[in-house]
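Asker: sequence and predicted structure, then a few things I'm wondering about:
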Amino acid sequence: MLNAIEQKEGKVYILDQSKLPHEIDLIECKSWKDVAWCIRELKIRGAPAIGIAAAMGVALGAQAARAGSAEALAGALGPVYEGLLATRPTAVNIKWAVDRMKARLAGCKGSVNEVRATLWQEAQSILEEDIRINKTIGAWGAQFINDGDVVLTHCNAGALATGGYGTATAAIFVAREQGKKIHVIVDETRPVLQGARLTAFEMKEAGIPMTLITDNSAGALMRRGEIDLAIVGTDRTTRNGDVANKIGTYTVAVLCKEHGLPFYVAAPLSSIDFSMASGDMIPIEERDPEEVASLAGKRIAPHGVNARNMAFDVTPAKYVTAIITELGVFKPGELKKLAPGKTKENKTEKPSVAMREGVRQPASGAKKEKVRKQKK
């Protein structure tokens, strides 16, 4: 499994995901500006991964800053914080990571070099914690995947979007490890094709049976009974359970609702923004229209045609069956249990019987037989 990002000997190495799956190339980042460029240009993407990158960018900034004390170093990092936060406005993980690095710096004592070393250690801890969290999310999510299920996913919420293992794909990996036979339907995810280039690549490397489809094929497959459930990631989930994710996610959720299929969101706590009451408050990034007018660097639309490139959309909580976190599985309205100050009392909480029975019922034998026939 390829690593999206790692740090070694005072440098950060980022896998250039814009070149996958045809070329594997590592970008050597010597400064925080290099990291910011990689985030902005989608060389690294996925909410957890860019949060990790931001943390390592802060460590790089501290390494290069001229300061004679910890206090002076903290002051010198102001432009670093601002520059990293400006790269991608929708994903909350960047702010989460920057704030965590700020807090760690505030508690540091010792020489400037000791403080710098501490910041590197904190960034590495964020990376390692993310992998552990993803595996836990996978264990919670796998319970909703039955043997023989066909799982739809959108964009890429796999190892490449995180420190490792993935969020939405973690449930798929764990289900596979449990011996369940599953098939993954991968939305191509226009316009940058993260599904076709990245998720399909990850499934192929893992040996998991998959089928790549155009984004607008999902509804037809649902109507034919060829999809059992959908699992996606999230770039920011608000306090009421609204979910911002890659453009097209809202469409998938509405289609699942219409066809009576579960729609799950894999959301590490770092991607839940308890400061926002609803998805109406989430800033939605709009990218270069040329990404829509072109495909793989080749223009497909006439010159002079206007295009709009919304990178994300918001799925209202009413379309979300459940949100899978490292602390358990919750209905959108239950996220308040995870708000800061309340997570300690919920660390060992497990889904209620109502969650297990109401969120995902095993498919009936008749339905499973119908699906099997259609797969043939």
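Answerer: Thanks, I have the structure now. If you're wondering where the values come from, they're calculated on a predicted model, not measured in any experiment.

Asker: tell me the domain ranges of this protein?
Answerer: In the assignment given by automatic domain parsing, the structural domains of the chain cover 5-133, 142-375.

Asker: could I get these as JSON lines with mean neighbour count and mean pLDDT?
Answerer: In short, each C-beta sits where N, CA and C put it, glycine included. Compiled in JSON lines, the domains of the chain are given as follows (neighbours: other C-beta atoms under 10 Å; pLDDT from 0 to 100):
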{"stretch": "domain 5-133", "mean neighbour count": "19", "mean pLDDT": "95"}
{"stretch": "domain 142-375", "mean neighbour count": "19", "mean pLDDT": "88"}
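
Asker: show me where the protein has helices.
Answerer: According to DSSP state H, the chain carries its helices in the segments 32-40, 47-64, 70-76, 78-85, 93-106, 112-141, 168-177, 194, 200-206, 218-223, 249-258, 290-293, 353-358, 365-375.

Asker: packing partners for the longest one?
Answerer: With contacts defined as 3 or more C-beta pairs under 8 Å, 6 or more residues apart in numbering; DSSP states H and E, helix 112-141 has these neighbours: strand 5-8, helix 47-64, helix 70-76, helix 93-106, helix 168-177, strand 263-266, strand 322-325, strand 328-330.

Asker: which of those sits closest to residue 290?
Answerer: Taking C-beta to C-beta, helix 47-64 is the member of the helices and strands packed on helix 112-141 nearest to residue 290, at 21.7 Å.

Asker: report all helices and strands that the closest one contacts.
Answerer: For helix 47-64, the packing partners by 3+ C-beta pairs under 8 Å, 6+ apart come out as strand 5-8, strand 11-15, strand 26-29, helix 32-40, helix 78-85, helix 93-106, helix 112-141.

Asker: can I get that helix in PDB, CA atoms only?
Answerer: These are the backbone C-alpha positions of helix 47-64, laid out as PDB (Å, rounded to 0.1, in the frame of the first residue of the first chain):
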ATOM      1  CA  ALA A  47      -9.100  15.500   4.200                       C
ATOM      2  CA  PRO A  48      -7.000  13.400   6.700                       C
ATOM      3  CA  ALA A  49      -4.000  13.400   4.300                       C
ATOM      4  CA  ILE A  50      -3.900  17.200   3.800                       C
ATOM      5  CA  GLY A  51      -4.300  17.600   7.600                       C
ATOM      6  CA  ILE A  52      -1.200  15.500   8.100                       C
ATOM      7  CA  ALA A  53       0.500  17.500   5.400                       C
ATOM      8  CA  ALA A  54      -0.400  20.800   7.100                       C
ATOM      9  CA  ALA A  55       1.100  19.500  10.400                       C
ATOM     10  CA  MET A  56       4.300  18.600   8.600                       C
ATOM     11  CA  GLY A  57       4.300  21.900   6.800                       C
ATOM     12  CA  VAL A  58       4.200  23.700  10.200                       C
ATOM     13  CA  ALA A  59       7.200  21.600  11.300                       C
ATOM     14  CA  LEU A  60       9.100  22.500   8.100                       C
ATOM     15  CA  GLY A  61       8.200  26.200   8.800                       C
ATOM     16  CA  ALA A  62       9.600  26.000  12.300                       C
ATOM     17  CA  GLN A  63      12.700  24.300  11.000                       C
ATOM     18  CA  ALA A  64      13.500  27.200   8.700                       C
END
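
Asker: how far off centre is it?
Answerer: How far helix 47-64 lies from its chain's middle: 17 Å, per C-alpha atoms, centre = their mean, to the nearest Å.

Asker: next, the angle helix 32-40 makes with it.
Answerer: Helix 47-64 and helix 32-40 meet at an angle of 170 degrees, taking axes from the mean of the first three to the mean of the last three C-alpha atoms, to 10 degrees as the criterion.

Asker: from residue 57, how far off is residue 35?
Answerer: Using C-beta to C-beta, to the nearest Å, one obtains 4 Å as the distance from residue 35 to residue 57.

Asker: give the residues shared as contacts by the two.
Answerer: Applying C-beta atoms under 8 Å, 6 or more residues apart in numbering, one finds that residue 35 and residue 57 are jointly contacted by 12, 29, 84.

Asker: can you tell me which of those lies nearest to residue 65?
Answerer: When these are compared against residue 65 (criterion: C-beta to C-beta), the nearest one is residue 84, at 14.0 Å.

Asker: contacts only, for that closest one.
Answerer: Contacts for residue 84 were tallied using C-beta under 8 Å, 6+ apart; they are 32, 35, 36, 39, 54, 57, 58, 94, 98.

Asker: go through these and name the one nearest residue 186.
Answerer: Lowest distance from residue 186 to the contacts of residue 84 (C-beta to C-beta) belongs to residue 39, with 24.1 Å.

Asker: who's in contact with the closest residue to the closest one other than its chain neighbours?
Answerer: Leaving aside its chain neighbours, residue 39 sits nearest to residue 87 (4.2 Å; criterion: C-beta to C-beta, 6 or more residues apart in numbering). Taking C-beta under 8 Å, 6+ apart as the contact definition, residue 87 lies against 36, 39, 40, 50, 54, 94.

Asker: what separation is there between the nearest residue to the fourth one once chain neighbours are set aside and residue 5?
Answerer: Put plainly, it is residue 50. If the residues on either side of it in the chain are set aside, residue 50 comes closest to residue 39, at 5.0 Å by C-beta to C-beta, 6+ apart. If you measure residue 39 against residue 5 using C-beta to C-beta, the figure is 10 Å.
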